[in-house]
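Chemist: Here is a sequence with its predicted model. Questions after.
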Amino acid sequence: MGIPLMKQPSIRLLPLLLAAAVLPALAAPSEAPYAIAARHALGGPGGWDYLSLDATAHRLYIARDDRVMVMDTATGKLAGEVAGMQHAHGVALAPSTHEAFVSSGRGDEVTVFDTQTLKVTRHIAVSGKNPDAILFDSASGHLLTMNGHSNNLSVIDAKAGKELSTIALPGRPEFAVADGHGALYLNLEDKNSLARVDLATGKVTAVWPMAPCDGPTGLALDAAHGRLFSVCDNGWMIVTDAHDGHQVTKVEVGKGPDAVIYDATRHSVLSSGGDGGVLSVVAQDDADHYRLLGNLPTQKSARTMALDPVTHEIYLAAATGGGKGKPVEGFEVLVAAPH
């Protein structure tokens, strides 16, 4: 006896069945796999820029114009402040020496403080104007600052406390990443381009255009696959091949971002859009394919962030009041947790 065939649906039912099958696939991208888990009110005057996290010590460092705020991530409370900055932009951490290096834009210097005592220990002068983004190059151990008003970067011996050299750039540098093998990549904000620098020779080896990007700011690197992620003021994330500079793809994200993070464990790229107040979560299917999972509502002005690589929580800074020419009010740190 043969197995009876299943009854075929009527032609009238087919459109409904197809719609039911397609709807879940269409609905999924609107759901970002994160949720706001906490809000920590810190208050205080002044604008802010980059966030840096020491996950082991449970300390979040926030550059806030004339000082650095230090938040205890375990309690969400203010652990202390380090004063004396002149428009602080970013904080590079050296956990092994318990030191933090702050780019002090209006002072044309790097301010160094002890992360245990929160006391300033020294100042390192740079010849470049308005040091902004700051980071360590693991290959050389040198400290690097991107100098926004002089279109160059400073190479600093952090131990000796002195600038070693400067490298001229063909545009205004924004955020940068080092690959740990002697190459530095940085966004050129006024050129809508991405530059590659050979730190050993001090030369720019390539400049790659990133149309339709306008105003690239945040930059992240997937070192394993050689992929660079630039986020742009007009709401595009540009994925670039770090080897030859060709544009792999582009993804639409929230407008007005100032930071992007690549989470290698979760195979995702996160962009903080301050204009619309969203955290855009982009899935990395493989090295060449990316898709927007969704935009998590955060808060307008939440444009910079930091990742905890252990918990995968995202820390974002925002304020309820402020804007150009207005005092900042209601400053807080939001925590977005994966689920």
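Modeler: That came through, no problem.
Chemist: lowest-confidence helix or strand of the chain?
Modeler: Taking mean pLDDT, DSSP states H and E as the measure, the helices and strands of the chain show their lowest mean at helix 14-27, namely a mean of 36.
Chemist: for the following helix or strand past that helix, which positions count as buried?
Modeler: Downstream of helix 14-27, the next assigned helix or strand under DSSP states H and E is strand 34-41. Residues of strand 34-41 classed as buried under the neighbour-count rule (16 or more other CB atoms under 10 Å) are Y34, I36, H40. Every residue, glycine included, has its C-beta placed from N, CA and C.
Chemist: Quick check: N130 vs E174, distance?
Modeler: 12 Å (CB to CB, to the nearest Å).
Chemist: need the strands for the stretch 151-300 of the chain, in chain order.
Modeler: Under the criterion DSSP state E, counting those that start in this stretch, the stretch 151-300 of the chain contains strands at 152-157, 162-168, 173-178, 183-188, 193-198, 203-209, 216-222, 227-232, 236-241, 247-252, 257-263, 268-273, 278-286, 289-297.
Chemist: what comes into contact with the third one?
Modeler: Looking back up the chat, that one is strand 173-178. 132-133, 135-139, 144, 146-148, 151-153, 184-189, 195, 199, 216-221, 228, 259 (CB atoms under 8 Å, 6 or more residues apart in numbering).
Chemist: can you check the fourth one too?
Modeler: When contacts are defined by CB under 8 Å, 6+ apart, strand 183-188 is touched by residues 133, 137, 144, 146, 153, 169-179, 193-199, 207, 216-219, 221, 228, 230, 242.
Chemist: Separate out the buried members of those.
Modeler: Burial of the contacts of strand 183-188 was assessed by neighbour count (16+ other CB under 10 Å); the buried members are 133, 137, 144, 146, 153, 169, 171-179, 193-197, 199, 216-219, 221, 228, 230, 242.
Chemist: Show me the domain layout of the chain.
Modeler: As assigned by automatic domain parsing, the chain contains the domains 33-48+214-339, 62-209.
Chemist: In CSV: these, plus mean pLDDT.
Modeler: Compiled in CSV, these are given as follows (pLDDT from 0 to 100):
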stretch, mean pLDDT
domain 33-48+214-339, 96
domain 62-209, 97
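Chemist: out of these, which comes closest to T56?
Modeler: Proximity to T56, assessed across these by CB to CB, is greatest for domain 62-209 (6.8 Å).
Chemist: Check the offset of that closest one from the chain's centre.
Modeler: In terms of CA atoms, centre = their mean, to the nearest Å, the centre of domain 62-209 is found 14 Å from the chain centre.
Chemist: Ok, stretch 305-321 next?
Modeler: Its chain's C-alpha centre lies 10 Å from the corresponding centre of stretch 305-321 when counted by CA atoms, centre = their mean.
Chemist: Appreciated, that's everything.
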